[in-house]
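Trainee: sequence and predicted structure are below.
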Amino acid sequence: MSVPQVVIVGRPNVGKSSTFNWLAGVRIAVVDDQPGVTRDRLTYLMCHNDRFFELVDTGGMGIADMDNLTRHIEEQIGLAIDSADVILFVVDSREGMLPLDQDVARRLRAVDKPIVLLANKSDEERHDSQADEFYRLGTGKPLRISTLQNRNRAVLLNTIVSKLPPPYEDEAAEGSTEPEMKVAIVGRRNVGKSTFINTLVNAPRMIVSEVPGTTRDSVDVRFELDGKPFVAIDTPGIRRAKSRQSDIDFYGTHRAQRSIRRADLVFLFFDATQRISKVDKQLCDYIAQQYKPCVFVVNKWDQLVDTMPTGKWVRYLQDSFGTMRYAPIAFITGQTGKNVKALINHGQMLFKQSRARVSTGQLNRMLRDAVRQNPPPAARNREPKLYYATQVGIQPPTVVLFVNDPALISEPYQRYLLGKFRDELEFDEVPIKLYLRRRHPADLRDDVADGGDEHARKTGGRSMGRVTADS
């Protein structure tokens, strides 16, 4: 399983960002009395009682943003709720219950996920009765907290961990049944996505037309290949924002993005006869942001097979999408089915890579060799030190690297390490999520360059490093 997410929600100015900083133990989110300071989601890796989870801060629900970004803020909140494993619903016990609190509670009633109601600003026990009115929200007993007085932090962390999904166990313990792989078929309009799915299922399940934009919603199509079940998600063709002419185009784009988020694997389609467009690059960026394994699929190759070498298109794609050079490239003809089965088989390989786990010892032996071959450069007149690493999640493979100071590990060096992970481990064609965590002075372990990886899984509940985008 991927690292669980714990999402903080609530109306504006109830102390969501203060709660985020308080739990994280470092000041990351901007805290201000003015509503609407938080707009985008902020993420921070936490660990408590040996359980890792991502803490996510969101903007205030129901805010009328002064810069006309209300829709953007609400979209980010919706994405966070969709991906949440636990929701922290923050209210203000000093101000009491307001209509916006009730609006938030109504929105959360449709969410089938654990919810912890936090009555913030409960600075003293003698004021605890002020939080009782929040029982009326129907989200359970409020937990009184105070970020200012550091009240009930340990209780809250224990509560969060108790509500997280069960930790990942070996597939052998879970049974031999293979999970069903969901593949999102995405691309700009008229690149042959629906024709490809018709070929997969050998039946006209999708409406195939030469008129661009025929598919206006995401459609799940189940099929079997060699006795294994799959789900292909056909998505609307994407067009540039300034070219969208109706609400159908707007919602089609959002449904396609949602399909990418819930897929295990993405096939990004290109028309071999067309140049790469801005829409293709936007889709690629979104796939990378979601850390989804991806295959670049060059369709309609029968039209160029005799006039253009595949190597030229490969170089064209790699030059256009330099941050995803690890993504494999397939050349198919959806109309005739040429190379379609090979594409699905390769997709299965990527799916297995995204679910692979490596031992802490194997990871640290590789890391030790990488540091010896190319030590991290000094920064700010200080020497970076890499102590040890451990994998904490799958889909995507998620690695936490413990260092003396995350700020000293440059982005080029992080890219170097990600490249070594792909070369030496089982993640050679999938995105990897890398976190940097500052090692606490009390955590007495040796530098990885000196061979130390003992007890690497015992990480404590201290502050985490920032998320590093895989690039």
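Mentor: All right, it came through fine. Numbers count the residues shown, from 1 in each chain.
Trainee: report the contact partners of residue 429.
Mentor: Residue 429 is in contact with 293, 326, 327, 328, 349, 350, 353, 422, counting by CB atoms under 8 Å, 6 or more residues apart in numbering. Where C-beta positions appear, they are placed from N, C-alpha and C, glycine not excepted.
Trainee: now do the same for the first one: its pLDDT.
Mentor: Among the per-residue scores, residue 293 shows a pLDDT of 97.
Trainee: was I right about it contacting residue 355?
Mentor: No - counting by CB atoms under 8 Å, residue 293 stays clear of residue 355, with 10.0 Å between them.
Trainee: pick out whichever of those two has more residues nearby.
Mentor: Remark: of residue 293 and residue 355, residue 293 carries more neighbours, 27 against 20, as counted by other CB atoms under 10 Å.
Trainee: report the contact partners of the more buried one.
Mentor: Residues near residue 293 by CB under 8 Å, 6+ apart: 264, 265, 266, 350, 351, 353, 354, 396, 429, 430, 431.
Trainee: which one among these gets closest to residue 45?
Mentor: Residue 45 lies nearest to residue 396 out of these, by CB to CB, at 13.6 Å.
Trainee: distance of the closest one from residue 435?
Mentor: 12 Å (CB to CB, to the nearest Å).
Trainee: then residue 234?
Mentor: Taking CB to CB, one finds residue 234 at 34 Å from residue 435.
Trainee: likewise residue 337?
Mentor: As judged by CB to CB, residue 337 and residue 435 stand 42 Å apart.
Trainee: pick out whichever of the two has more residues nearby.
Mentor: Set residue 337 next to residue 435 and count neighbours by other CB under 10 Å: residue 435 wins out with 24 against 14.
Trainee: next, give phi and psi for the more buried one.
Mentor: phi -110, psi 140 (degrees, to the nearest 10).
Trainee: my read is residue 298 is in a helix, agree?
Mentor: No - assessed with DSSP: H, G, I helix; E, B strand; the rest coil, residue 298 is strand; it does not lie in a helix.
Trainee: ok, back up a step: so which of the contacts of residue 429 are in strands?
Mentor: Within those, no residue falls in strands by DSSP state E.
Trainee: top of those by neighbour count?
Mentor: residue 293 (27 neighbours).
Trainee: mind listing the helices for the stretch 151-300 of the chain?
Mentor: Ranges of helices within the stretch 151-300 of the chain are 153-163, 171-174, 193-201, 247-262, 278-289, based on DSSP state H, counting those that start in this stretch.
Trainee: same deal with the stretch 1-150 of the chain?
Mentor: 16-24, 70-83, 99-109.
Trainee: distance between the second one and the chain's centre?
Mentor: Between the centre of helix 70-83 and the centre of its host chain there is 14 Å, according to CA atoms, centre = their mean, to the nearest Å.
Trainee: centroid residue for this structure?
Mentor: Geometric centre of the chain, nearest residue: residue 290, 4.4 Å, by CA atoms, centre = their mean.
Trainee: got the phi/psi numbers for it?
Mentor: The phi/psi pair for residue 290 (degrees, to the nearest 10) reads phi -90, psi 0.
Trainee: gap between it and residue 123?
Mentor: 40 Å.
Trainee: contact partners for the closest residue to residue 134 other than its chain neighbours?
Mentor: Residue nearest to residue 134 in three dimensions, not counting chain neighbours: residue 142, with 4.7 Å by CB to CB, 6 or more residues apart in numbering. Residues near residue 142 by CB under 8 Å, 6+ apart: 91, 93, 117, 118, 119, 131, 132, 134, 135.
Trainee: and the fifth one, how far from residue 25?
Mentor: According to CB to CB, residue 119 and residue 25 sit 21 Å apart.
Trainee: tell me the contacts of the residue nearest to residue 145 when sequence neighbours are not counted?
Mentor: Counting by CB to CB, 6+ apart, residue 145 lies nearest to residue 152, which is 4.8 Å off, once chain neighbours are set aside. By CB under 8 Å, 6+ apart, residue 152 lies in contact with 143, 144, 145, 146.
Trainee: and for the second one, the neighbour number?
Mentor: By that I understand residue 144. Count around residue 144 with other CB under 10 Å applied: 21.
Trainee: surely it meets residue 123?
Mentor: No - Residue 144 lies out of contact with residue 123 (CB under 8 Å); the separation is 9.3 Å.
Trainee: overlap in contacts of the two?
Mentor: Joint contacts of residue 144 and residue 123 (CB under 8 Å, 6+ apart) are residue 151.
Trainee: rewinding a little: can I get the contacts of residue 429 in TSV including distance to residue 13?
Mentor: Formatted as TSV, the contacts of residue 429 follow (distance: CB to CB, whole Å):
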residue	distance to residue 13
293	40
326	43
327	43
328	48
349	49
350	44
353	44
422	44
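Trainee: tell me the least confident of these?
Mentor: pLDDT across the contacts of residue 429 is lowest for residue 422, at 91.
Trainee: strands - which of the contacts of residue 142 land there?
Mentor: Per DSSP E, the contacts of residue 142 map to strands at 91, 117, 118, 119.
Trainee: tell me how far the residue lying closest to the third one once chain neighbours are set aside lies from residue 196.
Mentor: Once its chain neighbours are removed from consideration, residue 118 has its nearest residue in residue 90; the separation is 4.8 Å (CB to CB, 6+ apart). Plainly put, residue 90 is 45 Å away from residue 196 if you go by CB to CB.
Trainee: likewise for residue 129?
Mentor: Distance from residue 129 to residue 196, by CB to CB: 62 Å.
Trainee: so which of these two has more stuff around it?
Mentor: Remark: of residue 129 and residue 196, residue 196 carries more neighbours, 26 against 9, as counted by other CB under 10 Å.
Trainee: which residues are in contact with stretch 98-105?
Mentor: With contact meaning CB under 8 Å, 6+ apart, stretch 98-105 is reached by 9, 10, 11, 12, 61, 62, 89, 91, 134, 137, 138, 139.
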